[in-house]
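>>> 3D model of this:
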Amino acid sequence: MSKDLQPVTYREYTPTGEEFITLVESAGWHGVKEKGSGQLGAALRQSWLVVSAFEEDRLVGMGRVISDGIFQAFICDLIILPDYQGKGIGSGILGRLLKKCKEQDILMVQLFAAAHKSGFYKKFGFEERPEAAPGMRWVSKDSV
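Numbers count the residues shown, from 1 in each chain. Here you go, the predicted structure:
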């Protein structure tokens, strides 16, 4: 990366499986790349919305929404390359994802976030679920 951040542009762009693996590896996420670039690319193409950030022609971040387009939306895979974090790019992506959800009048937008990232999402109006609130997940033992 150059010393000075060049203007970042945002657009609806679905990364290839290979591009996604590069982002995932930069974030240190485990058990994802083993799915392979073909399957990951297919998964990304099933998204309701994908917003990607570019510095010139370089993909530096992305986020996506899985949704029925009416009632529920789930934000996932908000990933920014480490050298580009803390520069407002994640906010730019999340803001665009939420804008589209609001334009479609989607009732509920949910996400999972690491505990140390909750402050970031609270700035956008997200609330933590009460400790006693329902919420569970199932993770394949093969991918952990």
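>>> drop to CA atoms for contacts and neighbour counts, all remaining ones
Will do.
>>> give me every residue that touches the residue nearest to residue 63 when sequence neighbours are not counted.
Nearest non-adjacent residue to residue 63, counting by C-alpha to C-alpha, 6 or more residues apart in numbering: residue 78, 4.0 Å away. Taking C-alpha atoms under 8 Å, 6 or more residues apart in numbering, we find residue 78 in contact with 61-64, 90, 93-94.
>>> then residue 76?
Contacts of residue 76 (C-alpha under 8 Å, 6+ apart): 63-66, 111-112.
>>> on that earlier part again, most neighbours of all the contacts of residue 78, which one?
residue 62 (29 neighbours; other C-alpha atoms under 10 Å).
>>> the longest helix seen in the chain packs against which elements?
Longest helix in the chain, counting residues (DSSP state H): helix 89-103. The contact analysis (3 or more C-alpha pairs under 8 Å, 6 or more residues apart in numbering; DSSP states H and E) places helix 89-103 against strand 8-12, strand 49-55, strand 58-67, strand 72-80.
>>> now that helix - C-alpha only, CSV.
What follows is helix 89-103, C-alpha atoms only, in CSV (Å, rounded to 0.1, in the frame of the first residue of the first chain):
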residue,chain,number,x,y,z
ILE,A,89,-13.8,2.0,4.9
GLY,A,90,-15.8,-0.4,7.1
SER,A,91,-18.1,2.4,7.9
GLY,A,92,-18.5,3.3,4.2
ILE,A,93,-19.4,-0.3,3.4
LEU,A,94,-21.7,-0.8,6.3
GLY,A,95,-23.5,2.5,5.7
ARG,A,96,-24.2,1.4,2.1
LEU,A,97,-25.5,-2.0,3.1
LEU,A,98,-27.8,-0.4,5.6
LYS,A,99,-29.0,2.2,3.2
LYS,A,100,-30.2,-0.4,0.8
CYS,A,101,-31.9,-2.3,3.6
LYS,A,102,-33.7,0.9,4.6
GLU,A,103,-34.7,1.7,1.0
